[in-house]
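*Asks:* Only the shape, not the letters, is given here:
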């Protein structure tokens with residue numbers, strides 16, 4: 001009997017620690033931006049089914065509030081708040097209401113298990129879903145803004161500012177909406193939290209701040225979407241204070257980073273349960 005085959009078999013049975021580790025290693029994890037793009041495309045195709053009802057409901061609601069407020073306030077500073085608040089309300093409807101419902105149902109149905117098996121970062125899942133839903137708010141926000149400006153006789157020259165307000169205010173509110181859905185123990189509670197958040201955005205963002213009591217103004221300062229409202233409302237002035245506009249947008253961006261990070265953390269906790 002030859003010893004060589006037996007020795008080879010024995011050597012094959014022995015495992016060097018470094019070799020075991022190398023054999024167990026998988027491919028590198030997916031990077032954030034490619035994963036985000038993939039999740040965004042998938043969510044966009046899924047949400048496209050409900051695009052027309054979504055656009056109609058969100059836009060009709062905001063336009064209706066603008067018409068209703070036309071009988072209450074006159075042109076001037078209050079009209080600026082109404083038009084800006086109604087425009088940002090379209091973003092709040094999707095970011096707070098629909099995203100909280102989506103993630104609440106995803107958690108309750110076990111859909112998070114599907115994403116947990118994919119090699120994508122949690123932040124990509126949250127950001128991709130938020131960006132897909134927010135994409136449908138752009139037409140409704142612009143329609144509401146144009147309609148409100150024409151109704152109240154406000155200038156349309158700085159309408160382009162909404163291209164910065166929509167993603168920044170949307171990021172701040174999307175993080176909150178996703179966290180509501182991921183942290184709520186039941187989907188019904190997630191829906192309730194989203195509705196309450198949208199109601200807060202409606203009352204604190206559309207109504208003129210000058211008519212609010214002091215305690216309500218404090219609550220208004222804590223709602224991130226109101227900074228997007230203020231940023232757009234400032235552009236209606238004859239000589240806008242662009243430093244203040246950038247400051248308000250900076251607050252939205254900062255809150256957006258924090259809220260989306262909190263939503264990604266909530267996603268990790270919900271996915272491992």
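*Replies:* Alright, I've got the coordinates. The structure presented is a predicted model; accordingly, all values stated were derived computationally and were not measured.
*Asks:* Please report how far the most centrally placed residue in the chain lies from residue 106.
*Replies:* Ranked by distance to the mean C-alpha position of the chain (Cα atoms, centre = their mean), the top residue is residue 174 at 2.1 Å. In this view, residue 174 and residue 106 are 15 Å apart by Cβ to Cβ, to the nearest Å. Heads up, the C-betas are built off the backbone N, CA and C, glycines and all.
*Asks:* about what we covered before: close enough to count as contact, the residue nearest to the centre of the chain and residue 99?
*Replies:* Yes - counting by Cβ atoms under 8 Å, residue 174 does reach residue 99; the two are 5.7 Å apart.
*Asks:* any shared contact partners between the two?
*Replies:* 130, 133 (Cβ atoms under 8 Å, 6 or more residues apart in numbering).
*Asks:* Tell me the helices and strands packed up against the helix or strand residue 41 falls within.
*Replies:* Under the criterion of DSSP states H and E, residue 41 resides in helix 32-47. Counting contacts by 3 or more Cβ pairs under 8 Å, 6 or more residues apart in numbering; DSSP states H and E, helix 32-47 packs against helix 122-135.
*Asks:* before we move on, back to that, give me the next element, helix or strand, following the helix holding residue 41.
*Replies:* That would be, after helix 32-47 and using DSSP H and E, helix 51-70.
*Asks:* buried stuff in that following helix?
*Replies:* Of the residues in helix 51-70, 54-55, 57-59, 61-63, 65-66, 69 count as buried by neighbour count, 16 or more other Cβ atoms under 10 Å.
*Asks:* And for stretch 242-261?
*Replies:* 245, 248-249, 251-253, 255-256, 259-260.
*Asks:* Adding pLDDT, write those out as CSV.
*Replies:* Output for those, formatted as CSV (pLDDT from 0 to 100):
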residue, pLDDT
245, 97
248, 96
249, 96
251, 96
252, 94
253, 94
255, 94
256, 92
259, 92
260, 90
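*Asks:* What about those, which are in strands?
*Replies:* Residues of those located in strands (DSSP state E): none.
*Asks:* which of these lies closest to residue 197?
*Replies:* Distance to residue 197 across the buried residues of stretch 242-261 (Cβ to Cβ) is lowest for residue 259, with 11.5 Å.
*Asks:* State whether the closest one and residue 180 are indeed in contact, as I suppose.
*Replies:* No - under the criterion of Cβ under 8 Å, residue 259 makes no contact with residue 180, lying 10.6 Å away.
*Asks:* related to what we said a few turns ago, list the residues that contact the residue nearest to the centre of the chain.
*Replies:* 95, 99, 126, 130, 133-134, 256, 259-260, 263.
*Asks:* can you rerun that using 7 Å?
*Replies:* With contacts defined as Cβ atoms under 7 Å, 6 or more residues apart in numbering, residue 174 is in contact with 95, 99, 130, 134, 260.
*Asks:* Looking at these, which one is closest to residue 42?
*Replies:* Closest to residue 42, out of all of the contacts of residue 174 and judged by Cβ to Cβ, is residue 130, at 13.4 Å.
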